[in-house]
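Visitor: Sequence and computational prediction follow.
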Amino acid sequence: MNVYIPNTKENQQHMLETMGLNAIEELFEHIPEGIRLKTELKLESGQSELELGRHIKLLTDKNKGTADLTCFLGAGSYDRYIPSVIKHLIFRSEFYTAYTPYQPEISQGTLQAIFEFQTMIANLTGMDVANASMYDGASACAEAALVAAENTKRKQIIVSKAVHPEVRAVLSTYTRFNNIELLEIDIKDGVTDLERLGAALSDKTAGVILQNPNFFGVIEDLEPMEKLIHEKKAMMIVNVSDPLALALIKSPGEQKADIVVGEGQSLGISLSFGGPYLGFMAATNKLLRKLPGRIVGETTDTEGRRAFVLTLQAREQHIRREKATSNICSNQALNALAATIYMSIMGKKGLVEAAQQSMNKSHYALAELKKAGIQPLFDKPFFNEFAVKLNKDAKAVNEKLLEKGILGGYVLESDVLGSAYSEDENVMLICVTEKRTKEEIDTLVSILAKEGK
């Protein structure tokens, strides 16, 4: 089979003559002679389409996903049930190929989908308003910090170390380049240290970022922290890594949050080896004009029919750059549509059932692990993730699990747990979703009892 290279030597010569050149090397004369490559690239010979397809197949077969493994890994990305109708609908060409809905007269379907997404996120979080087109949970959290700093005219953000470490890493980058001071608060017994938070709060604090359930799976008591934060006229920002938990626990809005951000992957979006995912942001009405990204509003057209438009534009593409509060550009509408379909198909009862199954199964798993002599690191209420302490190397235990077709939990290093837990090595964060069966959980327990004690 011949290698398919569309531009023949004759084609190349014709292009060179059109440009008034004699050789391809003349295209690179602006590059200094001393740094030009003088030899051929050490590449293997070209392959035919058939050969290349076979080679790519061999490479992709090395990947093992949740279709091949039983997944007990969470830590921000969750192997949840995804109704088959989602892929059927989002791959329709009018959604799959759509970019940005700048022209409302031809984008009503896309705009309505975004409007419904905003409405559902606002309902789920208990907030007044929500936006769309956030990149992912981590950058949404960082954008919330900028909103808090802009609204309060203060230059300090406090974040709990119980917030996902990757979220904190993105937050560090955003604040550093916006000249905002970032303070991290240690954890105590698996939750944010209330005493340390109270001591750190000051008149300089623009906002405090908390996560619920937190990175260790523990459900935080936000009420005492909310009082401390609002006494200093700072904003409470709640990060949600798994919005399905909000089907069972108190919403951030009920707990007087000012801004709620999070990762929407568990709302019908596949793991996809890490992305693309979906960030969301919701807030109180007073922050409506400060929200970044896009906001779709409902109105009526000249004939009185229901219609949708982009409104309250804060992006630098729409208004004077110096007045803009956002430079978010790419459109996450396809993932937002997937989440909207998921929430619609599941409905209130379905969301509660999926969340309840996750919680029940995770608590069953922990109870069985305790019987086997494996104890949790924290004795706190949790949703569907919990940390356990093993007596053997946690990474080695995960290798044993992998041999049995099980994707084990996330290994918590001492730098993630914090100095207070530096002696607690071999800690594994285990996640149990509604997809896991009793047999799968029992198998996990039996292997951990054998390999982890």
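Guide: It's in.
Visitor: State the number of residues packed around Ile31.
Guide: 10 (other Cβ atoms under 10 Å). C-betas here are computed from N, CA, C, even on glycine.
Visitor: Quick check: it is in a helix.
Guide: No: using DSSP: H, G, I helix; E, B strand; the rest coil, the assignment for Ile31 is coil, not a helix.
Visitor: Model confidence score at it, please.
Guide: Looking at Ile31, its pLDDT is 93.
Visitor: please begin residue numbering at 11 from this point
Guide: Noted, 11 is the first residue going forward, which turns the last one into Ile41.
Visitor: how close does it get to Gly357?
Guide: 61 Å (Cβ to Cβ, to the nearest Å).
Visitor: Equivalent analysis for Thr70, please.
Guide: For Thr70 relative to Gly357 (Cβ to Cβ), the value is 36 Å.
Visitor: Report the buried residues of the host helix or strand of Asn370.
Guide: Element membership of Asn370, judged by DSSP states H and E, is helix 343-381. The neighbour-count check on helix 343-381 (16 or more other Cβ atoms under 10 Å) flags 343-354, 356, 360-361, 364-365, 367-369, 371-376, 378-379 as buried.
Visitor: same question, stretch 222-237
Guide: For stretch 222-237, using 16+ other Cβ under 10 Å, the buried residues are 222-230, 232, 235-236.
Visitor: And stretch 262-275, by the same measure?
Guide: Those would be 262-263, 265-275, for stretch 262-275 by 16+ other Cβ under 10 Å.
Visitor: Looking at those, which is nearest Ala123?
Guide: Proximity of those to Ala123 (Cβ to Cβ) peaks at Gly274, which lies at 14.0 Å.
Visitor: Wait, the closest one touches Gln342, no?
Guide: No: assessed by Cβ atoms under 8 Å, Gly274 is found out of contact with Gln342, at 9.0 Å.
Visitor: Touching both of those two, which residues are there?
Guide: Here Gly274 and Gln342 share the contacting residues 288-289, scored by Cβ atoms under 8 Å, 6 or more residues apart in numbering.
Visitor: what about the strands in the stretch 361-463 of the chain?
Guide: For the stretch 361-463 of the chain, the strands defined by DSSP state E, counting those that start in this stretch cover 385-386, 395-399, 416-417, 420-422, 437-441.
Visitor: would TSV of these with mean neighbour count be doable?
Guide: Below are these laid out as TSV (neighbours: other Cβ atoms under 10 Å):
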stretch	mean neighbour count
strand 385-386	16
strand 395-399	24
strand 416-417	18
strand 420-422	21
strand 437-441	24
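Visitor: quick one: the helices in this structure?
Guide: Ranges of helices in the chain, per DSSP state H, are 19-28, 59-70, 95-100, 103-106, 118-135, 147-162, 175-186, 204-210, 232-241, 343-381, 404-413, 424-427, 448-461.
Visitor: Look at the residue nearest to Leu458 when sequence neighbours are not counted and report its pLDDT.
Guide: Excluding its sequence neighbours, the residue lying closest to Leu458 (Cβ to Cβ, 6 or more residues apart in numbering) is Ile384, at 5.9 Å. What the model reports as pLDDT for Ile384 is 96.
Visitor: swap in Arg330?
Guide: On the pLDDT scale, Arg330 gets 66.
Visitor: Repeat that for Thr18.
Guide: Thr18 is given a pLDDT of 85.
Visitor: again with the one 4 residues further on
Guide: If you check Gln22, the pLDDT there is 91.
Visitor: ok, and the closest non-adjacent residue to Leu192?
Guide: Thr185 (4.5 Å).
Visitor: Confirm for me that that neighbour is in contact with Gln166.
Guide: No: using Cβ under 8 Å, Thr185 is not in contact with Gln166, being 9.2 Å away.
Visitor: Identify the contacts common to those two.
Guide: By Cβ under 8 Å, 6+ apart, Thr185 and Gln166 have these common neighbours: 191-192.
Visitor: Wait, the residue nearest to Leu458 touches Ile457, no?
Guide: No: counting by Cβ under 8 Å, Ile384 sits too far from Ile457 to count as a contact (11.1 Å).
Visitor: These two: who's more crowded?
Guide: Ile384 (20 against 17).
Visitor: Please list all residues in contact with the more buried one.
Guide: 398-400, 458-459, 462-463.
Visitor: Nearest to Thr120, out of those residues: which one, please.
Guide: Looking across the contacts of Ile384 and measuring by Cβ to Cβ, the closest to Thr120 is Val398, at 44.8 Å.
Visitor: the bottom helix or strand of this structure by mean pLDDT?
Guide: When each helix and strand of the chain is scored by mean pLDDT, DSSP states H and E, helix 424-427 comes last, with a mean of 76.
Visitor: chain center to that one: distance?
Guide: Taking the mean of its C-alpha atoms, helix 424-427 sits 21 Å from the chain's own mean (Cα atoms, centre = their mean, to the nearest Å).
Visitor: Repeat that for stretch 216-225.
Guide: Counting by Cα atoms, centre = their mean, stretch 216-225 comes out at 15 Å from the chain centroid.
Visitor: Could I get the CA-only coordinates of that stretch as CSV?
Guide: Included here for stretch 216-225 are C-alpha records, laid out as CSV according to Å, rounded to 0.1, in the frame of the first residue of the first chain:
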residue,chain,number,x,y,z
ALA,A,216,-12.1,39.7,49.9
GLY,A,217,-13.3,36.1,50.0
VAL,A,218,-12.9,32.7,51.6
ILE,A,219,-13.0,29.5,49.5
LEU,A,220,-14.4,26.3,51.0
GLN,A,221,-15.3,23.0,49.5
ASN,A,222,-18.3,20.9,50.4
PRO,A,223,-18.1,17.9,50.4
ASN,A,224,-14.4,18.6,50.7
PHE,A,225,-11.5,16.9,49.0
